[in-house]
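1. What follows is a predicted structure for the sequence shown.
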Amino acid sequence: MKKIIEKNEKLNDTSTESRSAFRIDDNILLSLRVIPDDQVKDVLKKYPENNAELQLLNSFSDSSKALTDQYALLRRRYPEVAKYLKILDEKINTLARRQFSSCSMIPDLNWHEVNISASGIRFNYEEQLNIDSYLELRLQLSQISNFILAYGRIARCDLDKENEGQFIIGVEFTHISLEDREAIHTHVRGKEIRLIREKNLG
């Protein structure tokens with residue numbers, strides 16, 4: 001059993017290393033919070049609970065997007081059905097807004113220039129942060145993508161010589177779901193392919 005566990009751990013490490021090799025500079029929606037040292041243990045323990053709350057919000061958003069995608073087609077072919085579904089969607093959205101109006105996990109996001117991979121993220125910050133401190137990161141890879149919640153350890157904090165008063169912060173994701181890690185990897189690879197195509201066409 002121990003050998004099987006060690007083998008699986010090696011496979012997971014290889015997979016992570018493969019994904020971390022793909023990095024891109026990007027502009028994403030991001031919010032971050034420095035976790036006080038005396039709160040790190042409790043905050044990280046609550047990751048599954050907090051992530052589940054955010055995924056519930058994502059599921060409401062996905063349902064609404066799916067209906068929007070099909071609404072135009074339904075309206076042409078089955079106008080009465082489309083009208084009914086539109087009313088139903090509005091009611092669901094009303095309930096969702098009430099449900100999540102006090103949701104602490106809804107992030108206040110702003111656009112940030114970052115360098116990102118499935119294993120971590122790098123960005124500029126106006127304050128010097130301590131190595132090995134932890135950050136809570138909430139992000140969207142685009143305006144239409146789902147929210148991602150991750151916690152990470154600060155592995156780098158260097159003065160940015162090209163931008164006065166700025167520090168280059170490097171964060172290693174330590175708590176992130178496999179689905180979210182895969183979503184980041186897919187986003188990175190997709191953008192990389194588009195950039196290569198644009199370069200070849202140019």
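-> Received, thanks.

2. Name the residue closest to the centre of this protein, please.
-> residue 148 (2.9 Å; Cα atoms, centre = their mean).

3. Bridging across strands, which residues link to that residue?
-> The partner list for residue 148 in beta bridges (DSSP bridges) reads residue 139.

4. wouldn't it be in contact with residue 139 here?
-> Yes - look at residue 148 against residue 139 with Cβ atoms under 8 Å: they come within range, at 5.1 Å. The C-beta positions use only the backbone N, C-alpha and C, and glycine is treated the same way.

5. so where is this structure shaky, pLDDT-wise?
-> Where the chain drops to pLDDT under 70, the residues are 1-21, 60-71, 92-107, 202.

6. residue ranges of the strands in it, please?
-> 24-35, 110-116, 120-125, 134-140, 148-159, 167-175 (DSSP state E).

7. Compute the distance between residue 149 and residue 136, please.
-> 8 Å (Cβ to Cβ, to the nearest Å).

8. Could you do residue 147 as well?
-> 13 Å.

9. Residue 128 too?
-> For residue 128, the distance to residue 136 - Cβ to Cβ - is 18 Å.

10. of these two, who's got more company?
-> Using other Cβ atoms under 10 Å, the more surrounded residue of residue 128 and residue 136 is residue 136, with 19 against 10.

11. Spatially nearest residue to that one (excluding sequence neighbours)?
-> residue 33 (4.4 Å; Cβ to Cβ, 6 or more residues apart in numbering).

12. ok, the one you found to residue 129 distance?
-> Taking Cβ to Cβ, one finds residue 33 at 11 Å from residue 129.

13. what do you get for residue 144?
-> Counting by Cβ to Cβ - residue 144 and residue 129 are separated by 31 Å.
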